[in-house]
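Enquirer: Sequence and predicted structure below; questions after.
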Amino acid sequence: MNPPPAKPTRRDALDNRERILAVAREALSGSGSTSLTAIAKQAGVGIGTLYRHFPTREALVMELYRHDIQGLIDRVPVFLEQNPPLTALRLWFEEVAHYGRLKFGVAEVIHAATKGGLDDEYYEPFVRAIALLLEAGAADGTLKPDLDPEDVLLQLSVLWRIDPARGGTDRAARILTLIVDGLRTRKP
């Protein structure tokens, strides 16, 4: 006997979920210490509704992480289509830095939930996104050939450690300049 077909999610439930995510993204930026009760209240839903969608704080943080990381990955082809490779790389790195500032307060939750990246379903797609940028730059001669995208990811990982409340934007810009300069082809 076949089970009954799953009921489609109601529009109001989808709207509630999207409001919770939008509020949580803003509320958890920086310190990451906003309570789930405060997030529910700001989203205009009861705490029970929040818990139906996200049974734990970790579940909420990880849903934001999945959405935002996929967004970063999806922007690589767009940046490459609209810009020269070196510009696309820099613009994407700036997006990654912005993401790092937003996730500063919850980085440890993400790190723990993905076992330090070992169980992260987005690791390989993120590395492939970096590889696309590096390959395009190598092809046009602006970036060194044969750069390892995982090495570049390790360099970028410092962005998750920069405290946005302590000059994070300026420090990230300086660090990105160092990273990009190290990847560029040196011409005599």
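Expert: Here it is on my side, so go on.

Enquirer: Just checking, which helix or strand of the chain averages the lowest pLDDT?
Expert: Ranking every helix and strand in the chain by mean pLDDT, DSSP states H and E puts helix 107-113 at the bottom, with a mean of 63.

Enquirer: who touches the residue minimising distance to the centre of the chain in this structure?
Expert: With distances taken as CA atoms, centre = their mean, I69 lies nearest the centre of the chain, 3.6 Å away. Shown in contact with I69 (CB atoms under 8 Å, 6 or more residues apart in numbering): 99, 122, 126. For the C-beta atoms, the positions are set from N, CA and C on the backbone; glycine is no exception.

Enquirer: So which bits of the biggest helix by length in the chain are buried?
Expert: Counting residues, the longest helix found in the chain (DSSP state H) is helix 57-82. Buried residues in helix 57-82, counting neighbours by 16 or more other CB atoms under 10 Å, are found at 57, 60-65, 68-69, 72-73, 75-76, 79-80.

Enquirer: And the contacts of the following helix or strand past that helix?
Expert: Going down the chain from helix 57-82, the next helix or strand is helix 85-102, by DSSP states H and E. The contact list for helix 85-102 (CB under 8 Å, 6+ apart) reads 25, 28-30, 68-69, 72, 75-76, 79-80, 82-83, 107, 129, 133-134, 136-137, 139-140, 142-143, 156, 159-160, 162, 164, 168-169, 172-173, 175-176, 179-180, 183-184.

Enquirer: Just the buried ones from those, in ChimeraX syntax?
Expert: Entered in ChimeraX, the line below selects the buried ones among the contacts of helix 85-102, by 16+ other CB under 10 Å:
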select :25,28,29,30,68,69,72,75,76,79,80,107,129,133,134,136,137,142,143,156,159,160,162,164,168,172,175,176,179,180,183
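
Enquirer: can you tell me which of the contacts of helix 85-102 are in helices?
Expert: 25, 68-69, 72, 75-76, 79-80, 82, 107, 129, 133-134, 136-137, 139-140, 156, 168-169, 172-173, 175-176, 179-180, 183.

Enquirer: Number of residues surrounding the residue nearest to A173 when sequence neighbours are not counted?
Expert: Spatially, and ignoring its direct neighbours in sequence, A173 is nearest to A97 (7.5 Å; CB to CB, 6 or more residues apart in numbering). Neighbourhood size, A97 [other CB atoms under 10 Å]: 23.

Enquirer: what's the answer for S35, then?
Expert: S35 - counted by other CB under 10 Å - has 11 other residues nearby.

Enquirer: Most neighbours among the contacts of I69, which one?
Expert: Counting neighbours by other CB under 10 Å, the top entry in the contacts of I69 is F126, with 21 neighbours.

Enquirer: G100 and A139, how far apart?
Expert: Distance from G100 to A139, counting by CB to CB, to the nearest Å: 28 Å.
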